[in-house]
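A.B. asks: got a predicted model here, sequence first, then my questions.
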Amino acid sequence: MISEERLPTKRPAQRAGSTACVAFDLGAESVRVVEVEWRADGSESTILRRGSAPLPTGFWRDVAGSIEAGTSAIRQAISAAGITAHSVAVALPRRLVTLRFARLPHAPPEQLQTLMAFEAQNYVLFPMEDVVFDFYAPDGDMPAVLGGDEMQTVILAAARKDIVAGVMAIFDRAGLEVSRLSVSAAALAELVAGSIEPTALIDIEPGEMDVAVVGEGRLLFTRASTLETIDPNAEGADRRFAEEIARSFTAYQNENRQQQIRKVFLVGESVSGTLGDEIARTLRPILELEVTRLQGRLVPAGDPTVLAYATAIGLARQSLLGAVCPLNLVPAERTERKARLAQRRRQVALGVIGLFLLVGLAYGAINVYTSGIREQAETVAANRRLKDVTAKYDIAKKQHDRLDKLATEMSAAMDRAHPSVDVLYALNDALPPSAYIWLTQFAFERGRTITLHGESRSPSAATDLVIALQGSGAFRDVRLGYLGDAQESTSGKISAVSGGPAAAAPAPIAGAAVKPGARGARKGSAFARAAAPETLTSFVITCRVNPTAQSLVSPRRVRTGGQTVARPIRSKAQVSPIGGEIDTTDMTDENGGDN
């Protein structure tokens, strides 16, 4: 039967500066999982989720043969708790792990590793090639003086490789990465890590019992025992249980004569109900100590069922810095292999990303600038030519920047608010429909001043043009800057009379004269020029584009094929970006008429 024990309140969002750990306790008959959140300094902690599921019968007798059933139990427990995790911590039963306290000469960590690999043979009953071991020196860098020699206490843990491999395979199949493989007794010690006086924790589960003693922030003693099902009503059951407790405490006193146990706390599934009170009453006269159930922030008195998860909670706390006994039996070769695989995956990923970037850059550059090399962009040859392609890309980018700058300058020189084509349309619309006036030049200055040069057969035509520009709404500051006589020489140039400025004569249009009634011709167009008289009036008009005008274009429409369409202007004008001039001597509409 799967046990689902979620907290009654809604799961809170993980707070800033906090972290969470998912821990599994593999017991004799069941697996339990908790998710614990704590702040980075360890000052606060909260159980977010918890759940359990039964292990298959005979699981620990044949772990390798129970991988499928064990995987199912792991998935059931984590699903019942509503936990989603990738990396987890796991605690093995204390009775399956050899755990010894060794006194060794003080040595630096790098030398202690070599020393422990040799000394472990004296403490482990199995051949060293058949076990996975880890050790922890709680004394740190401060040696203890014993008998005149510098000595330090080292906690050694060793588990059989077949058990470790089976457990790791189960979690691998469940899609979980085991970051820490610890021991149940070491996990229990974390629950009373701050105890100064020696404090005993007794974890009582169906079929087994763990004892851990902690004092001065160190793990002092551990022992595991197998038990019959505890039933106070069964004859002799409580007596055998009491004898096992007394045997464990006697073993502790033999090893730690100077440190008497002062407190005893009970945890585990068997003490979560009324049976816990019976056990406490049984142990008090035997141990001559006060025996109570453990209570604390993570084990509140109002929720006695949480006592069954004590080992898993302690294992989650073991991830904090300064843990009492941070053992980890994950095989070193597995860690190294995962590190190599992770590094290889990173290298492959970086290589693939680099290759994609390389191919993409080559393909893009070739597609834009050298279409003849597009097929070679997907081949190995493109990689060899990357340097050349990059150089071409830099050249093309400079050309693009120059053209972009030129376009920006042209836009700024002519009119920032309106396109130059709209200005041409507005000028064309403002010109009076008369054959007595035409434009020869106009220039856009950087200050957005438009200068119009033109000729007319009479001075009044020039003033009419000024009035038309003023009334168009597209221009402002319209001024007649010059008005005087001009003559056309035999060379085709017009020179001003009376000291006026010279203006370039318009090039003759094909068909010189405009034939009345010709298809597409506009009678009196300002850009069309009739046969030039010998004496003409030259004028210069200056103006600016009206910045408040929303649009400079008023549609000029003609009838074409039974439909009314806008009449575009086609020009061969050339415009200088800054203060340049536009030659308007050859402007015609689409139908070939003068404009």
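C.D. replies: Everything's here; your move. Computed from a prediction, not measured in an experiment: that's the story for all the values here.
A.B. asks: can you map out the helices along the chain?
C.D. replies: Under the criterion DSSP state H, helices of the chain are mapped to 67-81, 109-119, 161-173, 184-189, 237-255, 274-287, 310-317, 332-369, 380-384, 386-414, 420-430, 459-471.
A.B. asks: check those helices for me: which has the lowest mean pLDDT.
C.D. replies: Comparing mean pLDDT across the helices of the chain, the weakest is helix 380-384, with a mean of 72.
A.B. asks: now stretch 63-72: buried residues?
C.D. replies: Buried residues in stretch 63-72, counted by 16 or more other CB atoms under 10 Å: V63, S66, I67, G70, T71, S72. Placement of C-beta: from N, CA and C, glycine included.
A.B. asks: for stretch 116-136, same thing?
C.D. replies: Going by 16+ other CB under 10 Å, stretch 116-136 has these buried residues: M116, E119, A120, Y123, V124, V131, V132, F133, D134, F135, Y136.
A.B. asks: for those, give me TSV that also has distance to P108.
C.D. replies: Shown next, in TSV, are the buried residues of stretch 116-136 (distance: CB to CB, whole Å):
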residue	distance to P108
M116	13
E119	16
A120	18
Y123	21
V124	24
V131	25
V132	24
F133	19
D134	18
F135	14
Y136	15
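A.B. asks: quick revisit: now for the helices of the chain, which one comes closest to A549?
C.D. replies: Closest approach to A549 among the helices of the chain (CB to CB): helix 420-430, 8.5 Å.
A.B. asks: against which helices or strands is the closest one packed?
C.D. replies: Helices and strands touching helix 420-430, by 3 or more CB pairs under 8 Å, 6 or more residues apart in numbering; DSSP states H and E, are helix 386-414, strand 437-444, strand 449-456, helix 459-471, strand 569-571.
A.B. asks: for these, which one sits closest to E288?
C.D. replies: helix 386-414 (83.0 Å).
A.B. asks: so what secondary structure elements neighbour the closest one?
C.D. replies: Under the contact definition 3+ CB pairs under 8 Å, 6+ apart, helix 386-414 sits against helix 332-369, helix 420-430.
A.B. asks: just say which of those helices is most tucked in.
C.D. replies: Of those, the one with the most neighbours on average (mean count of other CB atoms under 10 Å) is helix 420-430, at a mean of 20.
A.B. asks: confirm for me that L465 is in contact with L427.
C.D. replies: No: between L465 and L427 there is no contact under CB atoms under 8 Å: 9.8 Å.
A.B. asks: let's have the helices and strands packed on helix 386-414 in JSON lines, adding distance to S319.
C.D. replies: Formatted as JSON lines, the helices and strands packed on helix 386-414 follow (distance: least, CB to CB, whole Å):
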{"stretch": "helix 332-369", "distance to S319": "16"}
{"stretch": "helix 420-430", "distance to S319": "70"}
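A.B. asks: can you dump the C-alpha atoms of the biggest strand by length in the chain in PDB for me?
C.D. replies: Once the chain is assigned using DSSP state E, the strand that runs over the most residues is strand 475-488. C-alpha atoms of strand 475-488 as PDB (Å, rounded to 0.1, in the frame of the first residue of the first chain):
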ATOM      1  CA  PHE A 475       6.300  75.000 -48.600                       C
ATOM      2  CA  ARG A 476       7.100  78.000 -46.500                       C
ATOM      3  CA  ASP A 477       9.500  80.900 -46.500                       C
ATOM      4  CA  VAL A 478       9.000  81.200 -50.300                       C
ATOM      5  CA  ARG A 479      11.100  84.100 -51.700                       C
ATOM      6  CA  LEU A 480      11.900  85.400 -55.200                       C
ATOM      7  CA  GLY A 481      15.700  85.800 -54.900                       C
ATOM      8  CA  TYR A 482      16.400  86.900 -58.400                       C
ATOM      9  CA  LEU A 483      14.600  88.000 -61.500                       C
ATOM     10  CA  GLY A 484      16.300  89.200 -64.700                       C
ATOM     11  CA  ASP A 485      16.800  88.700 -68.400                       C
ATOM     12  CA  ALA A 486      18.800  85.800 -69.900                       C
ATOM     13  CA  GLN A 487      19.800  84.900 -73.500                       C
ATOM     14  CA  GLU A 488      20.600  81.500 -75.000                       C
END
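A.B. asks: each with direction, which strands does that strand pair with?
C.D. replies: Strand pairing for strand 475-488, using DSSP bridges, gives strand 494-496 (antiparallel), strand 535-545 (antiparallel).
A.B. asks: returning to what we had before: from the buried residues of stretch 116-136, which is closest to D404?
C.D. replies: For the buried residues of stretch 116-136, the residue nearest D404 by CB to CB is D134; the value is 65.2 Å.
A.B. asks: on that earlier part again, quick one: which of the helices of the chain is nearest D25?
C.D. replies: Taking these one by one with CB to CB, helix 310-317 is closest: 4.0 Å.
A.B. asks: chain center to that closest one: distance?
C.D. replies: 32 Å (CA atoms, centre = their mean, to the nearest Å).
A.B. asks: ok, now stretch 89-103?
C.D. replies: 40 Å.
A.B. asks: ok so, going back, in CSV: the helices and strands packed on helix 420-430, plus distance to E243 and mean neighbour count.
C.D. replies: Below are these laid out as CSV (distance: least, CB to CB, whole Å; neighbours: other CB atoms under 10 Å):
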stretch, distance to E243, mean neighbour count
helix 386-414, 80, 13
strand 437-444, 110, 22
strand 449-456, 112, 21
helix 459-471, 118, 17
strand 569-571, 113, 16
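A.B. asks: got these as JSON lines, with distance to A242 columns?
C.D. replies: Converted to JSON lines, the helices and strands packed on helix 420-430 look like this (distance: least, CB to CB, whole Å):
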{"stretch": "helix 386-414", "distance to A242": "81"}
{"stretch": "strand 437-444", "distance to A242": "108"}
{"stretch": "strand 449-456", "distance to A242": "110"}
{"stretch": "helix 459-471", "distance to A242": "116"}
{"stretch": "strand 569-571", "distance to A242": "112"}
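A.B. asks: I'd like to know which of these is closest to L357.
C.D. replies: Closest approach to L357 among those is made by helix 386-414 (10.7 Å; CB to CB).
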